[in-house]
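Participant: got a predicted structure here, sequence first:
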Number of protein chains: 4
Amino acid sequence: SKYGYVKRFEADDAVLPECWIVVRLDGKGFTKFTAAHGLAKPSDERALSLMDRAAQEVMHEFRDIRIAFGESDEYSFVFHKHTALYGRRASKLLSLVVSLFTAAYVRFWPHCLPDTELQQTPCFDARAVCYPNNKTLRDYLAWRQADTHINTQYNTCYWALVNSGKSGKEAQEYLKGTQTAFKNELLYREFKINYNELPARFRKGSVVFWKPPTSLDPSSRSQKHALMVQHEDIIKDAFWEQYPHILS
Amino acid sequence: SKYGYVKRFEADDAVLPECWIVVRLDGKGFTKFTAAHGLAKPSDERALSLMDRAAQEVMHEFRDIRIAFGESDEYSFVFHKHTALYGRRASKLLSLVVSLFTAAYVRFWPHCLPDTELQQTPCFDARAVCYPNNKTLRDYLAWRQADTHINTQYNTCYWALVNSGKSGKEAQEYLKGTQTAFKNELLYREFKINYNELPARFRKGSVVFWKPPTSLDPSSRSQKHALMVQHEDIIKDAFWEQYPHILS
Amino acid sequence: SKYGYVKRFEADDAVLPECWIVVRLDGKGFTKFTAAHGLAKPSDERALSLMDRAAQEVMHEFRDIRIAFGESDEYSFVFHKHTALYGRRASKLLSLVVSLFTAAYVRFWPHCLPDTELQQTPCFDARAVCYPNNKTLRDYLAWRQADTHINTQYNTCYWALVNSGKSGKEAQEYLKGTQTAFKNELLYREFKINYNELPARFRKGSVVFWKPPTSLDPSSRSQKHALMVQHEDIIKDAFWEQYPHILS
Amino acid sequence: SKYGYVKRFEADDAVLPECWIVVRLDGKGFTKFTAAHGLAKPSDERALSLMDRAAQEVMHEFRDIRIAFGESDEYSFVFHKHTALYGRRASKLLSLVVSLFTAAYVRFWPHCLPDTELQQTPCFDARAVCYPNNKTLRDYLAWRQADTHINTQYNTCYWALVNSGKSGKEAQEYLKGTQTAFKNELLYREFKINYNELPARFRKGSVVFWKPPTSLDPSSRSQKHALMVQHEDIIKDAFWEQYPHILS
Ligand SMILES: Nc1nc2c(ncn2[C@H]2C[C@H](O)[C@@H](COP(=O)(O)OP(=O)(O)OP(=O)(O)O)O2)c(=O)[nH]1
Ligand SMILES: Nc1nc2c(ncn2[C@H]2C[C@H](O)[C@@H](COP(=O)(O)OP(=O)(O)OP(=O)(O)O)O2)c(=O)[nH]1
Ligand SMILES: Nc1nc2c(ncn2[C@H]2C[C@H](O)[C@@H](COP(=O)(O)OP(=O)(O)OP(=O)(O)O)O2)c(=O)[nH]1
Ligand SMILES: Nc1nc2c(ncn2[C@H]2C[C@H](O)[C@@H](COP(=O)(O)OP(=O)(O)OP(=O)(O)O)O2)c(=O)[nH]1
Ligand SMILES: O=P(O)(O)OP(=O)(O)OP(=O)(O)O
Ligand SMILES: O=P(O)(O)OP(=O)(O)OP(=O)(O)O
Ligand SMILES: O=P(O)(O)OP(=O)(O)OP(=O)(O)O
Ligand SMILES: O=P(O)(O)OP(=O)(O)OP(=O)(O)O
Ligand SMILES: [Mg+2]
Ligand SMILES: [Mg+2]
Ligand SMILES: [Mg+2]
Ligand SMILES: [Mg+2]
Ligand SMILES: [Mg+2]
Ligand SMILES: [Mg+2]
Ligand SMILES: [Mg+2]
Ligand SMILES: [Mg+2]
Ligand SMILES: [Mg+2]
Ligand SMILES: [Mg+2]
Ligand SMILES: [Mg+2]
Ligand SMILES: [Mg+2]
């Protein structure tokens, strides 16, 4: 048609070959959204499980995703560096991931939070970021998991203080500039909370990846479709040594 | 943290100032999705209404969207050329639009298709495209609406033929290379379908925009929040002369 | 060959259709370069003529350039918004312009500065910038010409003060925060310099464009090849009304 | 100034961190340019030396360039993957490299081709390409050097045939689809040319890099400033094993 020329205004946004492609999504205004739905503070097992559920839906659909990491209102999906999906077009990848994730989040909300009616339409932003090698990719994932620890520890202290009568401002002042050891101490002494006994999901976030092929039956159908959801450390080498297939 | 440097790998994707920004989304694999849910062929009033419903949710949230156009499994949203939303970052805009749209699509599915259970998780791709002036923007919208007409007319013929006993292949062969007049004629003579009496929603798609301010009460709160959903021609000048506020 | 795949790492950098494309180049370290060659301060007629000469070489080669503006060690070239040259690839356009300009600058140096031997290899950076409409393009050119005035006026004062015995620092202090009127006044009272009588090239920069077609012989070969080099105001409308062919 | 807003139209074109940045430049229309200056066919020692001379000028100025490779009318410059020069902005890097190269090419033309007057203003295009790891970077360089061999062998045959009386078209037909061995054979039998005895510069191109630090005096000033210009194989591992400092 005479209007078809407008298609030429679409820019090519294919990302550099041979780089890991991370799509990170993050809930828009989830400070309000979680409050409006009365979620447990600072971390709500059901809401986090829903995030993990949605992430699995994404991984089942896009098989070039090798690993995903989730915490709080965000999730990161790592496409294999050799993926040719949609010609590696950034907007295709990020839009499809965030759209499917969101759809699953809304669809499975009643499964994970059966007693809480969805009152607002949630949404997530997303971006695609390129990492040119394993080191930077692992540092990316370490960045997110270190963030999980920092936020969970801080927020646990914060809400413990607030629940014990302090104002939000006072709690903030009290925690300002304090170190990890101090906060652990505080939790233990004042609130009898052993930080290391909090659910691993809160402290470590969620790591989702495909089960490694076993030597017994590397082609078994079932295991190919088995996703692992773990709450382990992915900063140290151990995890990557145990599951070398993820980055291979 | 020592990992924070990975943030620097995020590229700046702000789009050129003073250009209209179109975010177009399109259902992934909706040929299968619509078939799996037994939607009316070629156009399903309920499914299209759900698309319109989701579009309104998006426009209520992002007030810099001046007009949206939907047809089939796609929707285009036009951000005002002067929008400063999220620093005009392409991935922010397209991801939030597609995510909110998808969330609303799933959330309001039971309202629009109460008798049809959602059996798969739907998702949409999205892209952001820049148009530097009113002419190219209008040509963009004309491109989509011309497409609506072409597809609806073709598909109406196709399904009429198939429903009358032809195979898909035969129907395709029969219609190959035929003109608009021939197809109208065919519908009328063979199937007693007056193309122009099909629902305007099928023939023209859906145009969504904010009600223009009235001279009586330009600041009235209610009208500011009033969205119009029309199925009118937006190719000719008349529409744009009637609603000059859209592009102003 | 087995290595040919590396070509795929080249990104597509075509710029948005229907936008004016400005390639601006600027001398690298010309503070030192001009000093090393003992050029007249603050403006050297010969050096500026050489810049204009190089600009003409560029315009003769790339006929889609409609207008160019030069001042100090910089030059801006405006490709017509409809140019299809090299598929509008940004790096092709900017590299060829800056390379040809530089080559001409070195080649014609002895013509314009016959008494000054070239002692260093000069070079220029370059960038391509898109302007989506006439207003922003004209504002771009106005930005550069306003800059010419501000710099020339300031530098004329500065060097007059320095030549009269002040140190660089003192001159700077003296001029800090002063207005246009004050500087004109200073030049006139202290140094008997009437700013408006300085060469127009210094005050207005250089505007280069193709001679407009005459009604007498619009297809005459000679005039097609005639470049105008002027030192007129291009901020006000008059220039653009006189030469409507430039942006048409 | 009120026009300063136009600066915001400049897009950020910083390239991905941790990637090797290759700037490749190539003579515009050098088929004509070399013919117009009567250069030796297919390869002119003086013209190639001038290219090498210009490349050295570039490397002396931009110290983050680790290696350069030249052949025919092109040169590739490899910036270290960690370079922070100009914030890794692609247009800054490519424009400065191509501009300085061109300036040197014109400036030193009389030194390398003293008997041939420069009759046209030469120019080069340039592009910046990212390579995310050593393998792809080495494959890039191998791609260019393999090209050198293919072109030089072909062109040597072609011109030998043409000089022996064949028309250009006949020579082309004759060589079409032939293998390396056949061409070597042809050169040897028909023209007594031992391909392997052609100057290495023609067969291998030029490799320019900094002399490695010696164990004796790693900080010696002189050696730091010593550029090597070689015509060795850079496809096989030997070169890289001999000079590990280049990619380190
Ligand atoms: N109560 C509760 N809040 C949570 C939970 N997970 C996340 N949140 C809240 C804590 C933070 O306020 C917020 C996530 O922080 P963000 O930096 O993403 O902020 P927010 O989403 O409000 O704004 P944004 O639109 O992302 O800029 O979500 C949870 O499990 N329970
Ligand atoms: N039955 C029915 N089908 C519809 C309706 N609206 C859209 N569709 C179908 C018709 C087309 O097969 C499909 C839209 O065409 P597309 O080109 O977007 O193809 P599809 O979504 O299958 O693939 P894609 O992932 O977009 O490349 O959706 C509807 O109202 N009723
Ligand atoms: N003496 C003299 N100097 C001039 C003339 N034209 C330009 N210049 C000098 C004045 C400035 O110091 C310099 C241009 O300013 P820039 O902002 O471009 O600085 P420069 O080139 O030193 O650094 P750059 O590499 O562009 O960041 O060139 C001239 O005609 N005569
Ligand atoms: N006689 C002669 N010709 C050479 C020499 N080095 C390069 N050339 C010529 C051979 C080719 O025709 C041309 C380089 O090929 P290109 O593919 O770069 O073509 P050209 O520069 O004509 O077009 P372009 O603007 O790069 O697309 O330069 C030389 O040493 N002697
Ligand atoms: O999806 P199509 O076939 O309508 O055409 P497109 O959307 O332009 O293609 P793509 O989705 O691959 O950009
Ligand atoms: O959203 P924040 O504050 O965690 O940080 P960010 O996601 O890097 O910021 P933005 O969403 O604006 O890219
Ligand atoms: O110029 P060619 O033909 O060697 O190939 P290219 O350089 O990849 O093509 P272009 O200059 O158009 O990018
Ligand atoms: O070079 P300046 O200081 O005039 O300003 P700029 O050219 O916008 O800065 P840069 O050369 O770093 O883009
Ligand atoms: Mg954010
Ligand atoms: Mg959030
Ligand atoms: Mg968050
Ligand atoms: Mg599509
Ligand atoms: Mg679709
Ligand atoms: Mg579609
Ligand atoms: Mg600058
Ligand atoms: Mg400069
Ligand atoms: Mg300057
Ligand atoms: Mg080329
Ligand atoms: Mg060439
Ligand atoms: Mg070449």
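Facilitator: Thanks, I have it. Ligands and ions are numbered 1, 2, ... in the order given.
Participant: I'd like the next helix or strand past the lowest-mean-pLDDT helix or strand in chain A.
Facilitator: The helix or strand with the lowest mean pLDDT-type score in chain A, counting by mean pLDDT, DSSP states H and E, is helix A:221-224 (a mean of 58). Once the chain leaves helix A:221-224, the next helix or strand it forms, by DSSP states H and E, is strand A:227-230.
Participant: wondering if stretch A:118-127 reaches ligand 10 at all.
Facilitator: No: Stretch A:118-127 lies apart from ligand 10 when judged by C-beta under 5 Å from the ion; the minimum separation is 7.7 Å. Yep, even glycine has a C-beta here, placed from its N, CA and C like the rest.
Participant: starting at the chain centroid, how far to that stretch?
Facilitator: With C-alpha atoms, centre = their mean, to the nearest Å as the basis, stretch A:118-127 stands 15 Å off its chain's centre.
Participant: for that stretch, measure first residue to last.
Facilitator: 26 Å (C-alpha to C-alpha, to the nearest Å).
Participant: name the residues of the helix or strand where residue A:190 lies that are buried.
Facilitator: Here residue A:190 sits within helix A:180-191, counting by DSSP H and E. The neighbour-count check on helix A:180-191 (16 or more other C-beta atoms under 10 Å in any protein chain shown) flags A:183-184, A:186-187 as buried.
Participant: could the residues you listed go into TSV alongside distance to residue D:167 and pLDDT?
Facilitator: Below are the buried residues of helix A:180-191 laid out as TSV (distance: C-beta to C-beta, whole Å; pLDDT from 0 to 100):
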residue	distance to residue D:167	pLDDT
A:183	85	96
A:184	87	95
A:186	91	96
A:187	89	96
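Participant: residues in chain A within reach of ligand 1, list them.
Facilitator: For chain A, the residues in contact with ligand 1 (C-beta under 6 Å from any ligand atom) are A:26-31, A:34, A:39-44, A:47-48, A:72-73.
Participant: if we can go back for a sec, now the helix holding residue A:190: how far from the chain's centre is it?
Facilitator: 27 Å.
Participant: and that helix, what other elements does it pack with?
Facilitator: helix A:134-163 (3 or more C-beta pairs under 8 Å, 6 or more residues apart in numbering or on different chains; DSSP states H and E).
Participant: now do the helix it packs on: distance to the chain's middle.
Facilitator: Distance of helix A:134-163 from the chain centroid (C-alpha atoms, centre = their mean) equals 12 Å.
Participant: any buried residues in it, and which?
Facilitator: A:136-149, A:151-162.
Participant: between helix A:180-191 and it, find me the angle.
Facilitator: 30 degrees (axes from the mean of the first three to the mean of the last three C-alpha atoms, to 10 degrees).
Participant: does any part of helix A:134-163 sit near ligand 10?
Facilitator: No: if you take C-beta under 5 Å from the ion as the test, helix A:134-163 misses ligand 10, and the best it gets is 11.8 Å.
Participant: quick check: next helix or strand after that helix?
Facilitator: Moving toward the C-terminus from helix A:134-163, the next helix or strand (DSSP H and E) is helix A:168-175.
Participant: run through the neighbouring helices and strands of that next one.
Facilitator: helix A:134-163.
Participant: quick revisit: for the helix holding residue A:190, give me every contacting residue.
Facilitator: A:153-154, A:156-157, A:160, A:164, A:175, A:178, A:193-195 (C-beta atoms under 8 Å, 6 or more residues apart in numbering or on different chains).
Participant: switch to 6 Å and redo it
Facilitator: A:153, A:157, A:160, A:193, A:195 (C-beta atoms under 6 Å, 6 or more residues apart in numbering or on different chains).
Participant: look up the closest residue to the first one, ignoring the ones flanking it.
Facilitator: Distance criterion C-beta to C-beta, 6 or more residues apart in numbering or on different chains; nearest residue to residue A:153, sequence neighbours excluded, is residue A:183 at 5.3 Å.
Participant: check the secondary structure at the residue of chain A found nearest ligand 16 for me.
Facilitator: For chain A and ligand 16, the shortest gap (C-beta to the ion) falls at residue A:11, measuring 30.5 Å. Under the three-state scheme (DSSP: H, G, I helix; E, B strand; the rest coil), residue A:11 adopts coil.
Participant: can you pull the pLDDT of it?
Facilitator: You'll see residue A:11 listed with a pLDDT of 97.
Participant: that one: neighbour count?
Facilitator: Number of residues near residue A:11 (other C-beta atoms under 10 Å in any protein chain shown) recorded here: 19.
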